[in-house]
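**Student:** dropping the sequence and predicted coords here.
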Amino acid sequence: MKKMMKKGLLILLLLIFVASVQDLGAQNMSDMRINEILVTNTDDFEDDFGNKSGWIELFNTSYGTVDIGGCYITNDPENLTKYMIPRGDVLTKIKPRQHSLFWADSKPHRGTFHLNFNLDESKELLFVSSDGRTIVDRIEIPHSIITENVSYGRFKDGVSVMADKKTLDITNTWGILERTSPSTNNFGADKEPPGMLFMKIDPYGIIMAFTAMSVVFLSLIILYLVFKNIGKYNIKISRKKAEKAAAGSKHIVTEEETSAEVFAAISMALHSFYEDNDAHDVENTILTIQKVTRNYSPWSSKIYTLRERPFKSR
Amino acid sequence: MENKGVFSLLTDNLETFLQYTGFANATPGHILMILIGLLFIYLAIKKDWEPLLLIPIGFGIIIGNIPLFPGLSVGVYEEGSVLNILYQGVQKGFYPPLIFLGIGAMTDFSALISNPKLMLIGAAAQFGIFGAYGIALAAGFAPAEAGAIGIIGGADGPTAIFLSSRLAPDLMGAIAVSAYSYMALVPVIQPPIMRLLTTKQERLIKMKAPRAVSQTEKKLFPIIGFLLTAFIVPSGLPLLGMLFFGNLLKESGVTRRLAETARGPLIDIVTILIGVTVGCSTQADKFLQMKSVYIFMLGAGSFVIATSAGVLFVKAFNMFLKEGNKINPLIGNSGVSAVPDSARVSNNVGLEYDKTNYLLMHAMGPNVAGVIGSAVAAGILLGFLS
């Protein structure tokens, strides 16, 4: 019975582990965001077939590769599994901080990245996890403000500005973009590297030196304060212990009163003494395979080699 | 007729073979670099200057500068070659944290724990990094390059490789060779600066003997040290994490085997690989540029600034300390993290003026604080410039 219970517990733990691993996978998908859409395309980018149609750009906000194969894209909240992104296509593995572009042309037979709906009549767009239930990201399409060949997207790739903890500040998150940017950054693709920006405000490295040295000092000062106090506390505790243990003795030398140099000197002296005298570190007895000259030795005594036989006590 | 055909075939093949040989592809640059490699080996064997580093780097320089016919998939920069695969540890930056693991497992932080104020010297010496950063900016280097060059002043080879692989991969070879060369030259560079900046009276200061540190404190140090520093500078995580983890393996008392592996075979293997591959990366066509010369000059400058900053900081610090608690400024140089060479330099210079004044144990405090400080500084540069 106990064995059965153990087995059951083991299986349960295993299941929890598997479930948590699956959950991790789901977490990866949760890093995907709908990033930019173009509803009506008459004079913008063409697909591989030379057609111009609306498109949807997804963005992987994480720093790990996410496989979106098996996830769903839909324009119908009542039908979350409207278009399943085919599994097994290497192109559905989206690299860290990279984009993926889907053509909303109602021609899914043209390949993985062609959806079975278009955006002209869609009111909403949803990206759904591979379980077919969890909505990872959704966006309402404001047809009134979107004109031909103009894209509607996040101002910063993958970034959601929140009005409060639960509500999305849509006006500061999404808007009409200056230019369409399929498969590339909505903002900052041409921005300067951080180092160059920093140099503009600090051409001689003075601010950098001051800031960085402050941080280095701060780290080590905190460490210094912590260990200064730990040391003090430790000395206090040891003193109390030593005082308790040797309440009657005349002089107590605590470990802290003895410097490390004293220990080092004692060890050094002992080491050189033993080295010079070729002394053995076990003083009174020497293990040897040579015959012992004495006739009697505890090492050869049978008394010492006999063992008592185990017996049951009654 | 047939004989002539065989002969011409042979000569054709021989000609092709000759095109592949090093003799046909050698340039003066290759020969110069091979001579530099030989110099490194000579310095390591004859002068005993950091042989564990200079022998692998020196031989690596020779390997990397054998003139090659391109496309044979043997060079360090040719994708898929054996040397290129080994070089990934440098390029992707996973050798330096492994070396830090070993350093953590072999470092005894008790000198630092017993006298924690010595940590501040380790912080002050990092000024060499940022001083060199400013000079490199003024010399026309891009900010990321200047940051990578500045880290040479930390006197910490693995950190220099780690940071340069992130900020300026093109300059990594020159930065790594410069950092290791100056680390080997610590006994030559530092003593004159220390003498110049101190008075005889200061050099004779005898410091209070450090107290014995309990095992509990030693166990707590890596945990608290890691949490504090990593929370302040998360970008230094790979180096700080491995350094303190290695130290916990050593001090926990229950993972002796792991600690021995980390400070023994593991660090030896990684040292061999990092040394040889960094050496290999100094191919003449990539290494012999004016930029490399500037990097060497700036590296020397950063060492001088770091040493001076450490010594001057101690002098300033002494103004606030009571008589009897004063610090000998000769340990200021050990704030750079060349462990234990710079601490040894402090001790030797101290002994020149007083044969009974052993500074080694005191100097080990700022020395190991320097390791932490340079890892923190690398994290800051990475956070600001990448």
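**Tutor:** Okay, I see it.
**Student:** work out for me the element B:I295 sits within.
**Tutor:** Secondary-structure assignment from DSSP states H and E places B:I295 in helix B:290-318.
**Student:** and the helix or strand that comes right after that helix, C-alpha only, in PDB?
**Tutor:** Using DSSP H and E, the next helix or strand after helix B:290-318 towards the C-terminus is helix B:341-353. Output of helix B:341-353 as PDB, limited to C-alpha atoms (Å, rounded to 0.1, in the frame of the first residue of the first chain):
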ATOM      1  CA  ASP B 341      51.100  39.500  -8.000                       C
ATOM      2  CA  SER B 342      50.300  43.000  -6.900                       C
ATOM      3  CA  ALA B 343      49.900  41.900  -3.300                       C
ATOM      4  CA  ARG B 344      53.400  40.300  -3.600                       C
ATOM      5  CA  VAL B 345      54.700  43.600  -4.900                       C
ATOM      6  CA  SER B 346      53.300  45.400  -1.900                       C
ATOM      7  CA  ASN B 347      55.000  42.900   0.400                       C
ATOM      8  CA  ASN B 348      58.400  43.100  -1.400                       C
ATOM      9  CA  VAL B 349      58.500  46.900  -1.500                       C
ATOM     10  CA  GLY B 350      57.500  47.000   2.200                       C
ATOM     11  CA  LEU B 351      60.300  44.600   3.100                       C
ATOM     12  CA  GLU B 352      62.800  46.800   1.300                       C
ATOM     13  CA  TYR B 353      62.300  49.500   3.900                       C
END
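**Student:** isn't B:L321 right next to B:P329, touching?
**Tutor:** No: B:L321 is beyond contact range of B:P329, at 11.7 Å (criterion: Cβ atoms under 8 Å). From N, CA and C alone the C-beta is placed, and that goes for glycine too.
**Student:** neighbour-wise, which of these two wins?
**Tutor:** B:P329 (25 against 12; other Cβ atoms under 10 Å in any protein chain shown).
**Student:** my read is that the more buried one contacts B:L196, right?
**Tutor:** No: B:P329 is beyond contact range of B:L196, at 11.4 Å (criterion: Cβ under 8 Å).
**Student:** can you list residues touching both of those two?
**Tutor:** When Cβ atoms under 8 Å, 6 or more residues apart in numbering or on different chains defines a contact, no residue borders B:P329 and B:L196 alike.
**Student:** find the nearest non-adjacent residue to A:G158, please.
**Tutor:** Leaving aside its sequence neighbours, A:G158 sits nearest to A:T61 (Cβ to Cβ, 6 or more residues apart in numbering or on different chains; 3.6 Å).
**Student:** that neighbour and A:M32 touch, don't they?
**Tutor:** Yes: when contacts are counted by Cβ under 8 Å, A:T61 is listed as touching A:M32 (7.4 Å).
**Student:** with neighbour numbers in mind, choose between those two.
**Tutor:** Taking other Cβ under 10 Å, A:T61 and A:M32 do not tie; A:M32 has more neighbours (22 against 17).
**Student:** any idea how far chain A is from B:F130?
**Tutor:** The gap separating B:F130 from chain A is 4 Å, by Cβ to the nearest Cβ, to the nearest Å.
**Student:** confidence score at A:S122?
**Tutor:** Per-residue pLDDT puts A:S122 at 85.
**Student:** for the stretch 201-350 of chain B, which residues are neighbours of chain A?
**Tutor:** Within reach of chain A by Cβ under 8 Å from any Cβ of the partner chain, the stretch 201-350 of chain B has these residues: B:209-214, B:216-217, B:220-221, B:224-225, B:228-229, B:232-233.
**Student:** what about these, which are in helices?
**Tutor:** B:216-217, B:220-221, B:224-225, B:228-229, B:232 (DSSP state H).
**Student:** list buried members of the residues you listed by neighbour count.
**Tutor:** Buried residues within those, counting neighbours by 16 or more other Cβ atoms under 10 Å in any protein chain shown: B:217, B:220-221, B:224-225, B:228-229, B:232.
**Student:** the closest residue to chain A within the stretch 251-386 of chain B - nearest residue in space that isn't next to it in sequence?
**Tutor:** Proximity of the stretch 251-386 of chain B to chain A (Cβ to the nearest Cβ) peaks at B:L385, 4.0 Å away. Of all residues not flanking B:L385 in the chain, A:G195 sits nearest, at 4.0 Å (Cβ to Cβ, 6+ apart).
**Student:** what about the one you found, distance to B:F127?
**Tutor:** Separation of A:G195 from B:F127 (Cβ to Cβ, to the nearest Å): 20 Å.
**Student:** comparing these two, which residue is more hemmed in?
**Tutor:** The neighbour comparison of A:G195 against B:F127 (other Cβ under 10 Å) goes to B:F127, with 24 against 21.
**Student:** list the contacts of the more buried one.
**Tutor:** By Cβ under 8 Å, 6+ apart, B:F127 lies in contact with A:209, A:213, B:305-306, B:309.
**Student:** go again with 10 Å.
**Tutor:** Contacts of B:F127 were listed using Cβ atoms under 10 Å, 6 or more residues apart in numbering or on different chains, and they are A:209, A:212-213, A:216, B:153, B:302, B:305-306, B:308-310, B:312-313, B:335, B:377.
**Student:** and the pLDDT at the closest residue to chain A within the stretch 201-350 of chain B?
**Tutor:** Among the residues of the stretch 201-350 of chain B, B:A209 lies closest to chain A, at 3.5 Å counting by Cβ to the nearest Cβ. Reading off the confidence values, B:A209 has pLDDT 80.
**Student:** that one against B:A111, yeah?
**Tutor:** No: using Cβ atoms under 10 Å, B:A209 is not in contact with B:A111; the gap is 11.1 Å.
**Student:** overlap in contacts of those two?
**Tutor:** By Cβ under 10 Å, 6+ apart, B:A209 and B:A111 have these common neighbours: A:260, B:361-362.
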